[in-house]
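1. Below is the sequence, then the predicted model.
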Number of protein chains: 2
Amino acid sequence: MRVMNFSAGPAGLPLPVLERAKEELLDYAGTGMSIMEQSHRGKMYERVHNEALEAIRRILHIPDDYAVLFLQGGASMQFSQVPLNFLSKGNIAYYIVNGTWGEKARDEARIVATREDTFAIELASTLEASTYTRAVDWKSLTVPSNAAYVHFTSNETVHGIQYAVRAGEALPTFGGTPVICDMSSDMMSRPIDVTKFDFIYAGAQKNLGPSGVLIAVAKRSFLASGTKSLPKFLQYRTHDDSASLYNTPPTFAIYLVRHVLSWIEEQGGLTAVDATNRTKAQFIYDAIAAQPEVFHCPVAKNSRSLMNVVFRLPTQADEERFIKEAQGHHMVGLKGHRSVGGIRVSLYNAVSTSDAKALAEFMGAFRL
Amino acid sequence: MRVMNFSAGPAGLPLPVLERAKEELLDYAGTGMSIMEQSHRGKMYERVHNEALEAIRRILHIPDDYAVLFLQGGASMQFSQVPLNFLSKGNIAYYIVNGTWGEKARDEARIVATREDTFAIELASTLEASTYTRAVDWKSLTVPSNAAYVHFTSNETVHGIQYAVRAGEALPTFGGTPVICDMSSDMMSRPIDVTKFDFIYAGAQKNLGPSGVLIAVAKRSFLASGTKSLPKFLQYRTHDDSASLYNTPPTFAIYLVRHVLSWIEEQGGLTAVDATNRTKAQFIYDAIAAQPEVFHCPVAKNSRSLMNVVFRLPTQADEERFIKEAQGHHMVGLKGHRSVGGIRVSLYNAVSTSDAKALAEFMGAFRL
């Protein structure tokens, strides 16, 4: 039997996607080969590749002046590649830090800045610094006019903090300053207006597919502004110019992403997916609120993530028992990130409403 | 039915590997999840990851003072990452170029050199430059004493040129100068002495697995000599320090690599695999020699690749007919690289002796 998978990523995939992949594994579309055994220059793979790119455009309503790219190395690679491309002498980069991932992105940019001697990194973070409990109030920030870009992480998986949690609330914008967003853990979980961004990137392994492929959506005029003095492979334009076929892409991962995108469209697109995700998160936050003597969510209400619900129990022993008993009910992946402990419930797209409801019911019955 | 797959990569995988992956796709080892749905910090995935690393060490007899790394971005990423890490002011890089891939590696290094203003790149290549027909005689080269490293490509897939083709022949070495080798298309196809190298890298999609993961084998003291001014993610030491779990690795690709490595060991290891590969190549080269009026291999005999056999027919129309008729016999992937045309027969590990024999027989029966 399949377990209820609340892992923070790599995360569960929709069962119909896995079933289809299984069926096609030895023989894709009558070719007598697996899709992963086919040349990335061949017609069969190119069709899969292009269908995936087109589905991303369709689902996110991406206009033609934006590029959609498949890249490798995950968000961690982007933490380097972004400043290498877009930081230039005399400019600064402005990083908003709401947790672990924002810190990592900022730290790599700082290394690039140091290397070039003339950059400066400014940053904003919560007053609580290392104990992130709310998202920075971006409306109160003043971004210097020489900022090459503002970078933020839309959802912090470790601390369970997300921007624009209330329905209809906008993600940060800063007038004319380019905005770069690490959307690894909530891209394709809700509708977004991509035209508000200059560069969005997201590893696939939360809401979109397996690990090993990253999706970037970027304004082409912004890509064109990137430095040309980097090795070609590190310049984004190289990948846009070749429709992400400059070198061999992670073909099987992209094939799975295509199937996940079809599944998203079958669900009714991002409006429907968003509604489901809100319902799921509400189940868990309600279960926390129902037993304040047992569960405590440290995150401020207006920053509570719809993707990763974090909470504590009174003692570590209670938390261990919670995790163990949940496992007895076939619920896995509930352990908090090793850097913070506690419980983390990840509710990415592939987690069903019934799984979230079952966990909420288990929480409701849990006693100290 | 499964076809006979002579693709240049992504290439065929051993059927038992795919069958096992299919069987385990919805439920890996009784976990109720696919391996690709499991946390990369979880016990089940970590076991797979470590088994893959250990199998690479065992099969290639890698000593403890060498690191084994899983990286992303393929060889193209290494073309950038190698010079970024190992070129430093006052040093030069020495690139031996035997074809398309050596050119690409050199061109990226040249960009790094230009960027830093003070580097120079020297290179050697065949006199025929763009019409590579033999491997550079490396024994005749004099590498300057300020060379940070010598880089070469052990097998050129587009031009069908390989080093150390004769059994027992050594791969290039240059006294005390560090040697870096792009072994993407022949790693794990034959035994090698890794202690002769300072850094070896290979994309998995030829002999080792699907695309999306790269294996690097590197002397730790050489890694330690790399610059520390790069973003952490681009420094190799970061990945060695964390056993290639610094960030989320391409877990499913590594899982498949582990299965392929088991298959290699079941074949009897690299000595047995090498013998089989030589037999397969001999079938095709013999078929070329048997009909000199039909087939012509442009590569000098002592450089003819065991992995990619390239040949021409008198006219392009003949070549097209050859490819079409072969397809009628369920033989696919025979078209030469778009930059050079002609026929290319790729004979990576997963191609069976009987498939190579069948193709040789088809060639024997082919008439103009």
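-> Arrived safely, thanks for sending.

2. Mind naming the longest helix for chain A?
-> Counting by DSSP state H, the longest helix found in chain A is helix A:269-290.

3. tell me which strands and helices that one is in contact with?
-> helix A:43-60, helix A:251-267, strand A:308-311, helix A:353-365 (3 or more Cβ pairs under 8 Å, 6 or more residues apart in numbering or on different chains; DSSP states H and E). C-beta here means a position set from N, CA and C on the backbone, and glycine is covered the same way.

4. For that helix, which residues meet the burial criterion?
-> By neighbour count on 16 or more other Cβ atoms under 10 Å in any protein chain shown, the buried set for helix A:269-290 is A:269-270, A:273-274, A:276-278, A:280-281, A:283-285, A:287-288.

5. can the residues you listed go into JSON lines with extra columns for pLDDT and distance to residue A:172?
-> Shown next, in JSON lines, are these (pLDDT from 0 to 100; distance: Cβ to Cβ, whole Å):
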{"residue": "A:269", "pLDDT": "98", "distance to residue A:172": "24"}
{"residue": "A:270", "pLDDT": "98", "distance to residue A:172": "19"}
{"residue": "A:273", "pLDDT": "98", "distance to residue A:172": "22"}
{"residue": "A:274", "pLDDT": "97", "distance to residue A:172": "19"}
{"residue": "A:276", "pLDDT": "98", "distance to residue A:172": "25"}
{"residue": "A:277", "pLDDT": "98", "distance to residue A:172": "20"}
{"residue": "A:278", "pLDDT": "98", "distance to residue A:172": "20"}
{"residue": "A:280", "pLDDT": "98", "distance to residue A:172": "25"}
{"residue": "A:281", "pLDDT": "98", "distance to residue A:172": "21"}
{"residue": "A:283", "pLDDT": "98", "distance to residue A:172": "28"}
{"residue": "A:284", "pLDDT": "98", "distance to residue A:172": "26"}
{"residue": "A:285", "pLDDT": "98", "distance to residue A:172": "23"}
{"residue": "A:287", "pLDDT": "98", "distance to residue A:172": "30"}
{"residue": "A:288", "pLDDT": "98", "distance to residue A:172": "27"}
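
6. before we move on, the earlier item: can the helices and strands packed on helix A:269-290 go into JSON lines with extra columns for mean pLDDT?
-> JSON lines is the format used below for the helices and strands packed on helix A:269-290 (pLDDT from 0 to 100):
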{"stretch": "helix A:43-60", "mean pLDDT": "98"}
{"stretch": "helix A:251-267", "mean pLDDT": "98"}
{"stretch": "strand A:308-311", "mean pLDDT": "98"}
{"stretch": "helix A:353-365", "mean pLDDT": "98"}
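
7. how about the ones you listed, which one is nearest chain B?
-> helix A:251-267 (5.0 Å; Cβ to the nearest Cβ).

8. Check the offset of the closest one from the chain's centre.
-> 16 Å (Cα atoms, centre = their mean, to the nearest Å).

9. what's the answer for stretch A:212-226, then?
-> Counting by Cα atoms, centre = their mean, stretch A:212-226 is centred 16 Å from the centre of its parent chain.

10. so residue A:145 sits in a helix?
-> No. Counting by DSSP: H, G, I helix; E, B strand; the rest coil, residue A:145 is not part of a helix but coil.

11. All set now, cheers.
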